[in-house]
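Colleague: Everything below, folded, please.
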Amino acid sequence: MSFSLSSLLRINVKYLFKDAEANILYAEGNTTLVMVNRKTDKPVRIPDELMSRLVSN
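Modeller: Residues are numbered from 1 along each chain as shown. The predicted model follows:
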């Protein structure tokens with residue numbers, strides 16, 4: 001898995017699941033994660049703690 005920050009509101013995630021021994025690919029894809037305020041249903045800034053953890057990985 002790899003993470004990249006496309007903005008302060010979005011995290012792009014690329015993933016690849018495979019069996020290295022049998023060289024079988026099970027899944028590969030991209031998704032975008034957005035944090036949303038429950039009360040307003042609007043996107044909110046990614047928390048600093050989460051952002052720093054993703055950047056360090």
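Colleague: tell me the SS of the residue positioned nearest the centre of the chain?
Modeller: By Cα atoms, centre = their mean, the chain has its centre lying nearest to residue 13, at 3.5 Å. Here residue 13 is strand, with the state taken from DSSP: H, G, I helix; E, B strand; the rest coil.
Colleague: Name the nearest residue to it, sequence neighbours excluded.
Modeller: Nearest non-adjacent residue to residue 13, counting by Cβ to Cβ, 6 or more residues apart in numbering: residue 31, 5.1 Å away. Quick note: C-beta positions are derived from backbone N, CA and C, even for glycine.
Colleague: what comes up buried for the helix or strand harbouring the one you found?
Modeller: Taking DSSP states H and E as the criterion, residue 31 maps to strand 24-34. When neighbours are counted by 16 or more other Cβ atoms under 10 Å, no buried residue of strand 24-34 is found.
Colleague: Can you tell me the strand partners of it and which way each runs?
Modeller: Within its sheet, and counting by DSSP bridges, strand 24-34 is paired with strand 10-19 (antiparallel).
Colleague: I would like the residues contacting the strand it pairs with, please.
Modeller: Contacts made with strand 10-19 from outside it, assessed by Cβ atoms under 8 Å, 6 or more residues apart in numbering, are listed as 1-6, 24-34, 43, 46, 54.
Colleague: Tell me which residues of it come out buried.
Modeller: Using 16+ other Cβ under 10 Å as the burial criterion, the residues of strand 10-19 that qualify are residue 11.
Colleague: what is the mean pLDDT for it?
Modeller: Regarding strand 10-19, the rounded mean pLDDT is 91.
Colleague: any idea how far it is from the chain center?
Modeller: Here the centre of mass of C-alpha atoms in strand 10-19, compared against the chain's by Cα atoms, centre = their mean, to the nearest Å, lies 7 Å away.
Colleague: if we can go back for a sec, report the beta-bridge partner residues of the residue nearest to the centre of the chain.
Modeller: Those that pair with residue 13 in a beta bridge, by DSSP bridges, are residue 3, residue 31.
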